[in-house]
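Engineer: sequence and computational prediction follow.
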Protein chains: 2
Amino acid sequence: MIVTIIGAGMMGSALAFPARENGNEVRLVGTPLDEEIIDACKKENKHPKFDKKFPDGVRFFQFDEAEEAKKGADFIIGGVSSFGVEWFLKEVLEKTAPGVPVLSVTKGLIEDEDGALISYPEYWEKELAKKSVRREICAIGGPCTSYELVAHDKSEVAFCGKDEKTLRKMKEALATNYYFISLTKDVHGLEYAVALKNAYALAVAMTIGLYERETGKIGELHYNSQAGAFFQTVKEMRALLRAEGANENSENIGVGDLYVTVYGGRTRKIGILLGRGLSYEEAMREMNGVTLESLVITRRLTKNLRERAERGEIDVRNYPLVSSVGNVLDYGEEARLPWDAFTFEEL
Amino acid sequence: MIVTIIGAGMMGSALAFPARENGNEVRLVGTPLDEEIIDACKKENKHPKFDKKFPDGVRFFQFDEAEEAKKGADFIIGGVSSFGVEWFLKEVLEKTAPGVPVLSVTKGLIEDEDGALISYPEYWEKELAKKSVRREICAIGGPCTSYELVAHDKSEVAFCGKDEKTLRKMKEALATNYYFISLTKDVHGLEYAVALKNAYALAVAMTIGLYERETGKIGELHYNSQAGAFFQTVKEMRALLRAEGANENSENIGVGDLYVTVYGGRTRKIGILLGRGLSYEEAMREMNGVTLESLVITRRLTKNLRERAERGEIDVRNYPLVSSVGNVLDYGEEARLPWDAFTFEEL
C-alpha cells in the first residue's frame, strides 16, 4: 500500500516505522511548520528528535510537494497536533479527494454548536458536511508514545472509524510484531477517553508537586498520592465516559493511556509545576510559553462540566479531581486536592 | 481509643503513625518473628526499615507480652503477611475476646472447601465459626505503601467490614490529614480486588524484563508495553471482579492499588526477572528464596481459573494476561505475552 503521513511531528513520524517496516510505500510530508525537520530527514534519514534512523525507503516531502505525496495513496495519516486542527481541515481535508480515507492521531475535544464536546474526527466530518463533502475520518487512540514506538516497545492501540473495511485496511498496513491494533466503531467514546486522560494525567502528576511543596523535598518520587488520584481518576473517567455512551473497552484503553501519559514529558512536568504552587501563567513561563494540549482539554472539559451542572444535567461534586485542576487553570486558585472528597461510603 | 497492632512488619508498624498522631494510645506487638524489630523499636523508638522515628508515645511489646498489650483495646490491627495467616488465626484470633474487633492488612486469597477463592477475613470468620466463635474481622484495601504512609504522603484506602458502627470507629481512630478512609461492606469484592492487583502488577512489571531481553538493554525504562499490559489488566480485573459481585468502587480501588504496586519493591523486581527469561526457581534464587505474596496469589488465581474453565464456568481465553504469568510459574514456560490476544474488535 501507499501510506502518506502529513505532519512530521514526533507521532506522525513515528508511524512511518511500522508503516515502512511492514513493506508499504511511505511518504512523510511536513506541515509548513516542519520545514527544518523535513530538510533534516532528507539529509540524514533521521528525525531530529529520534535517536534512530528511519527504515530505508521512507520518502520525505515539504508541504508544497504534498500533491505529489498524496498521489495514489491508499490512505492518509494525519499527524498534526490539536493546534493544527483548523489548518488540517482547510489545507488537507478540503483539498484531498474525499475517497481517500484519513487516519488521525490528533487528540482532543472541541465544543460544537450545542455546547457539547466532540472529538476532532467528528468535528471535521461536521465541518466538511457543511460543504456537502462526505469524508471518512478514522482515528488512533491508546497508550503509545512516539519514541517508544520507534524503539519497538510493544504498543497496544485502537483504531476507530465508521467503516469496517477501511479500518481493516489500515490495520493491515500498520500492524507489526510491536504495534498491536484493536478496531472499534466507538469513535466518540474512544476519542473522548483518550482526550480525558490528558486532563487526568495532569491531575495525577500534580500530586507529585503538591507533596514537594508540603515537604520541601524536591524531586522525591512517591506513589501513594499518585495512586489515590489514579483511583479517583478511574472513577471520574468512568462516569464521564458512560454519560457519553462510550464502550467499556474505550474506557479501558483510556486508562492504559493515562498510565503512559503520567510518565510522559510535558504533561507530567506542568502537572508537577502546578502542584508546587505555580500559577498557570508562571507554569507557562517555565515551559517557555509552549501551550499544552492537556491544558486546553482540561479547560474545555471543566468549562463543559460547569455548564452542564448549571443546566442541572450533572452534579459537579462527582468530579472533584478534575474540577480542582480546573480551578487552578481557570480561576488562578493555588493547587490543592480535596482528598476527603475522594472517599466514599457504601454501607 | 486504645489501638493494639499485632505484627511489626512494615505495614503494621506504619499504621502506628496515623493511629498515634491522632491521639490514640498505640501498642505495637511483634510476632515471634519480630523479636529483633521490637528490641530495636524499644531502644530507638524507630523501626529498622523506616528512616523516621515513631511519634512519641507508641509502646512496644514482644509477643509474650501480648495479653498486656491487648488489655482494654478498642480494636486490634492485624499486621501479619499472608504467610502468617494460620498463626494469626491460632495465636491471635482464637485467643482474643470475640467482642474486640479486628482490622487486618493481610492481603491475599485462599481456596475454601468448594474450591472458590475467598479473602482472609472471610476465611478466618469461617474457621472461627467452626468453633462456634462469631468474630468480626474488618480489612484494609487500597493503594498505600508503608514507607510513604510514614512519610505522610496522602493515601486513599478503604476499610471493609460487616458492621457500620465498627467501621466508623476504626475510621475515627485512624483518619488523619494524610490518611483518607472510605468505608464499604463489600469485603469480598474489595479484598479480591486488592489481591488480584498483586498478580497483575507482576504481569505489568514483566513487560519491562521482556523488553530488556528482546533488546539487550538492561535498565531502560519504557511505558508503552507496561501501559498495554495495564489496559489489558483493567479489562481482565473488571471481568473477574464482576463475576465475584464486587462493587465498582472496589474495582477502582484495586486499579489504584495496581498503580502503586507496579512501582513497589519486590513484586516489580520479580516481574522484571521473570520477563528477562528466568524461571520461577531462578528468580526465587535471585530473591534469596523469599517467597512473595504476589507469586502465591498468581498461582492460586490461575489454578482457580483453570478449574473454573474445566467446569465450563469461564472461558480462560478471556484472561490471556494473567494466564501467561501462570504458565511461567506453574509450567516453567519462558515468559512471553500474547500481545495479539489483547486486541479486540467492536465492529
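Structural biologist: Received it, and whenever you're ready, just let me know what you need.

Engineer: close to chain B: what parts of the stretch 201-347 of chain A are there?
Structural biologist: Residues of the stretch 201-347 of chain A lying close to chain B (CB under 8 Å from any CB of the partner chain) are A:207, A:210-211, A:214-215, A:222-228, A:230-232, A:234-235, A:238, A:247-249, A:252-253, A:255-257, A:259-260, A:263-264, A:337, A:339-340, A:342-347. For every residue, glycine as well, the C-beta is placed using N, CA and C.

Engineer: ugh, wrong one, the stretch 51-200 of chain A
Structural biologist: Counting by CB under 8 Å from any CB, the stretch 51-200 of chain A sits next to chain B at A:142-145, A:148-149, A:151-156, A:158, A:164, A:167, A:180-186.

Engineer: now which of the residues you listed would you call buried?
Structural biologist: A:142-145, A:148-149, A:151-156, A:158, A:167, A:180-186 (16 or more other CB atoms under 10 Å in any protein chain shown).

Engineer: quick check: phi and psi at A:Arg317.
Structural biologist: Here the main-chain torsion angles of A:Arg317 (degrees, to the nearest 10) amount to phi -70, psi -10.

Engineer: gap between it and A:Leu305?
Structural biologist: Distance, A:Arg317 to A:Leu305, by CB to CB, to the nearest Å: 11 Å.

Engineer: quick one, which of those two is more surrounded?
Structural biologist: The neighbour count for A:Arg317 versus A:Leu305, taken as other CB atoms under 10 Å in any protein chain shown, is higher for A:Leu305 (22 against 10).

Engineer: same question for the helix or strand hosting the more buried one, mean pLDDT?
Structural biologist: If you go by DSSP states H and E, A:Leu305 is part of helix A:293-310. Averaged across helix A:293-310, the pLDDT comes to 93.

Engineer: what sits up against whatever helix or strand comes next after it?
Structural biologist: For helix A:293-310, the following helix or strand on the C-terminal side (DSSP H and E) is helix A:320-331. Applying CB atoms under 8 Å, 6 or more residues apart in numbering or on different chains, the external contacts of helix A:320-331 come out as A:199-200, A:202-203, A:206, A:229, A:232-233, A:236, A:274, A:279-280, A:295, A:298-299, A:301-303, A:305-306, A:316, A:333-338, A:341-342.

Engineer: name the next helix or strand following helix A:320-331 along the chain.
Structural biologist: Counting by DSSP H and E, the element after helix A:320-331 in chain order, helix or strand, is strand A:345-346.

Engineer: against which helices or strands is that following strand packed?
Structural biologist: Here strand A:345-346 touches strand B:179-184, going by 3 or more CB pairs under 8 Å, 6 or more residues apart in numbering or on different chains; DSSP states H and E.

Engineer: quick check: next helix or strand after the strand it packs on?
Structural biologist: Moving toward the C-terminus from strand B:179-184, the next helix or strand (DSSP H and E) is helix B:187-215.

Engineer: and the angle for that following helix with strand B:179-184?
Structural biologist: Between helix B:187-215 and strand B:179-184, the angle comes out at 120 degrees (axes from the mean of the first three to the mean of the last three CA atoms, to 10 degrees).

Engineer: in helix B:187-215, what's buried?
Structural biologist: Neighbour-count burial for helix B:187-215 flags B:187-213 (criterion: 16+ other CB under 10 Å).

Engineer: same deal with stretch A:277-297?
Structural biologist: Using 16+ other CB under 10 Å as the test for burial, stretch A:277-297 gives A:277-280, A:283-284, A:292-297.

Engineer: and the pLDDT for the residue in the stretch 101-250 of chain A that chain B sits nearest to?
Structural biologist: Nearest residue of the stretch 101-250 of chain A to chain B (CB to the nearest CB) works out as A:Phe231 at 2.9 Å. For A:Phe231, the model assigns a pLDDT of 97.

Engineer: what's the answer for the one 5 residues further on, then?
Structural biologist: A:Glu236 is assigned a predicted lDDT (pLDDT) of 98.

Engineer: can you map out the strands along the stretch 1-150 of chain A?
Structural biologist: Secondary structure of the stretch 1-150 of chain A by DSSP state E, counting those that start in this stretch: the strands cover A:2-6, A:25-29, A:59-61, A:75-78, A:102-104, A:109-111, A:117-119, A:137-141.

Engineer: what comes into contact with the second one?
Structural biologist: Judged by CB under 8 Å, 6+ apart, the contacts made with strand A:25-29 from elsewhere in the structure are A:1-8, A:12-13, A:16, A:19-20, A:38, A:41, A:54, A:57-63, A:65-66, A:69-70, A:73.

Engineer: sorry, back to before: hey, which of the strands of the stretch 1-150 of chain A is tucked in deepest?
Structural biologist: Here the criterion is mean neighbour count by mean count of other CB atoms under 10 Å in any protein chain shown, and of the strands of the stretch 1-150 of chain A the winner is strand A:102-104, at a mean of 27.

Engineer: which elements pack onto that one?
Structural biologist: Taking 3+ CB pairs under 8 Å, 6+ apart as contact, the helices and strands that strand A:102-104 lies on are strand A:75-78, helix A:120-130, strand A:137-141.

Engineer: adjacent strands (with direction) for that strand?
Structural biologist: According to DSSP bridges, strand A:102-104 forms sheet pairs with strand A:75-78 (parallel), strand A:137-141 (parallel).

Engineer: state the mean pLDDT of the last one.
Structural biologist: Computed over strand A:137-141, the mean pLDDT rounds to 97.

Engineer: and the contacts of strand A:25-29, which of them are buried?
Structural biologist: Neighbour-count burial within those applies to A:1-8, A:12-13, A:16, A:19-20, A:38, A:41, A:54, A:58-63, A:66, A:69-70, A:73; the criterion is 16+ other CB under 10 Å.

Engineer: I figured A:Ala69 hits A:Gln62, correct?
Structural biologist: No. Judged on CB atoms under 8 Å, A:Ala69 makes no contact with A:Gln62 at a distance of 9.3 Å.

Engineer: isn't A:Glu248 up against B:Val234?
Structural biologist: No. With contact defined as CB under 8 Å, A:Glu248 does not reach B:Val234; the gap is 9.5 Å.

Engineer: which of these two has more neighbours?
Structural biologist: B:Val234 (25 against 17).

Engineer: quick one: the helix or strand where the more buried one lies near chain A?
Structural biologist: Assessed by DSSP H and E, B:Val234 sits inside helix B:224-243. Yes. Interface with chain A: helix B:224-243 contributes B:224-228, B:230-232, B:234-235, B:238 (CB under 8 Å from any CB).

Engineer: pLDDT of the next helix or strand along the chain from that helix, averaged?
Structural biologist: With elements assigned by DSSP H and E, the helix or strand that comes after helix B:224-243 is helix B:248-261. The pLDDT scores in helix B:248-261 average 95.

Engineer: how about residues contacting the following helix or strand past helix B:248-261?
Structural biologist: Remark: after helix B:248-261, the chain's next helix or strand is helix B:265-275, criterion DSSP H and E. With contacts defined as CB under 8 Å, 6+ apart, helix B:265-275 is touched by B:198, B:201-213, B:261-262, B:280, B:282-283, B:286-287, B:290, B:292, B:294-295, B:325, B:328, B:335.

Engineer: now helix B:265-275: buried residues?
Structural biologist: Residues of helix B:265-275 classed as buried: B:267-275 (neighbour count, 16+ other CB under 10 Å).

Engineer: just the C-alpha atoms of that helix, please, in CSV.
Structural biologist: The C-alpha trace of helix B:265-275 is given here as CSV (Å, rounded to 0.1, in the frame of the first residue of the first chain):
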residue,chain,number,x,y,z
GLY,B,265,9.7,-3.3,45.7
ARG,B,266,9.8,-7.0,45.3
THR,B,267,6.7,-7.6,43.1
ARG,B,268,8.2,-5.3,40.5
LYS,B,269,11.6,-6.9,40.8
ILE,B,270,10.5,-10.5,40.4
GLY,B,271,8.2,-9.5,37.5
ILE,B,272,11.2,-8.0,35.7
LEU,B,273,13.3,-11.1,36.4
LEU,B,274,10.7,-13.4,35.0
GLY,B,275,10.4,-11.2,32.0
